[in-house]
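In: need a 3D model of the following:
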Amino acid sequence: MALTPELRTQAKWKEIAGIPLGAATVDNWNQIQAFRAKPDDLLICTYPKSGTTWIQEIVDMIEQNGDVEKCQRDVIEHRHPFIEWARPPHPDYPGTHYVDQAGLELTEVSNEMPSPRILKTHLSTQLLPPSFWTSNCKFLYVARNAKDCMVSYYHFYRMNQVLPDPGTWDEYFETFISGKVYWGSWFDHVRGWWEIRDRYQILFLFYEDMKRDPKREIQKVMQFMGKNLDEAVLDRIVQETSFERMKENPMTNRSTVPKSLLDQSISPFMRKGTVGDWKNHFTVAQNEKFDEIYRQKMKGTSINFCMEL
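Out: All right, here's what the predicted structure looks like:
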């Protein structure tokens, strides 16, 4: 049974360093910060709704040498531990336990994983557990243009029964630009990772480049992972990780998650996967306001986004 609008409005979140996170995550913050990274870890890093599931499936396909059956071994959310995700237990879905209860991705699961481990986070650079910086592991960051990211996150908020109700598009627009969404400000997140990209082993990719030329971007990931796969395998990975294929794949489309957590009758988890959908949501006034805020927040940075293909 889904949460009532009243309960969703009161959905529990707290802040760490001014960044909103789930209450259960904050309650387990010391354990999360104590996470022990390994030198051969690969950490997939994204701001929410920036192609996280897509890059996870690409990485897994590369790691499994293009073996589709091996990538069907479990749902995507169980293949790569989400280092900060913790929420209260849900009776219908045992994967939603707190971090320190009965199984947690951070401890038992990740410790039992064979190396190289592939992990996932939405944390900004300032909140990442310190061991990731000192272990010299690899980071794979995917950035998506802020306008499409905002739209996608809005529809995710609508269908995700664990997150607060986003209200109307106009209300949510203000919430997003003020950074009062889970995992905080898009501007701070993307800028933070962009500015350290040359100081660590970071492969920084753009969602729009992945849409424009998936084969080229997948090749970059393959090389970054130290893999050498032949052309036929590469073509298979491109095909299997297309939006259309992943939308129909129960291992990636979240169809196994109960409706009481993700109500896909409101909006599908994999909704459009396009570039430029923001034009169907932004008013002229909102677009002008956003562009001005973007100029202020991203002033002095060399990052450049494609807004439509």
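
In: looks to me like Lys279 is in a helix.
Out: Yes: if the criterion is DSSP: H, G, I helix; E, B strand; the rest coil, then Lys279 is within a helix.

In: and the gap between the residue nearest to it when sequence neighbours are not counted and Phe290?
Out: Excluding the flanking residues, the one nearest Lys279 by Cβ to Cβ, 6 or more residues apart in numbering is Glu308, at 7.3 Å. In short, each C-beta sits where N, CA and C put it, glycine included. As judged by Cβ to Cβ, to the nearest Å, Glu308 and Phe290 stand 15 Å apart.

In: which one's more surrounded, the two?
Out: Just comparing Glu308 and Phe290: by other Cβ atoms under 10 Å the higher neighbour count belongs to Phe290, 18 against 13.

In: model confidence for the more buried one, exactly?
Out: As summarised for this prediction, Phe290 has a pLDDT of 97.

In: how about Ile83?
Out: For Ile83, the predicted pLDDT is 89.

In: so it touches His122, yeah?
Out: No: if you go by Cβ atoms under 8 Å, Ile83 and His122 don't touch, sitting 9.4 Å apart.

In: where in the stretch 51-200 of the chain is pLDDT low?
Out: 86-110 (pLDDT under 70).

In: then the stretch 201-309 of the chain?
Out: 268.

In: so where do the strands sit in it?
Out: Assignment of strands within the stretch 201-309 of the chain using DSSP state E, counting those that start in this stretch yields the ranges 201-206.

In: quick one: secondary structure of the closest residue in space to Tyr200 that isn't next to it in sequence?
Out: Using Cβ to Cβ, 6+ apart and skipping the chain neighbours, the partner closest in space to Tyr200 is Phe139 (6.1 Å). For Phe139, the assignment made with three-state DSSP gives strand.

In: cool, and Pro20?
Out: Of the three states, Pro20 takes strand according to three-state DSSP.

In: hmm, Met251 is touching Gln72, no?
Out: Yes: Met251 lies in contact with Gln72 (Cβ under 8 Å); the separation is 5.5 Å.

In: okay, those two: which has more neighbours?
Out: More neighbours surround Met251 than the other of Met251 and Gln72, with 20 against 13 (other Cβ under 10 Å).

In: ok, the more buried one - contacts?
Out: Met251 is in contact with 71-72, 74-76, counting by Cβ atoms under 8 Å, 6 or more residues apart in numbering.

In: need the buried ones from these selected in ChimeraX.
Out: The buried residues among the contacts of Met251 can be selected in ChimeraX (16 or more other Cβ atoms under 10 Å) with this line:
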select :71,75,76
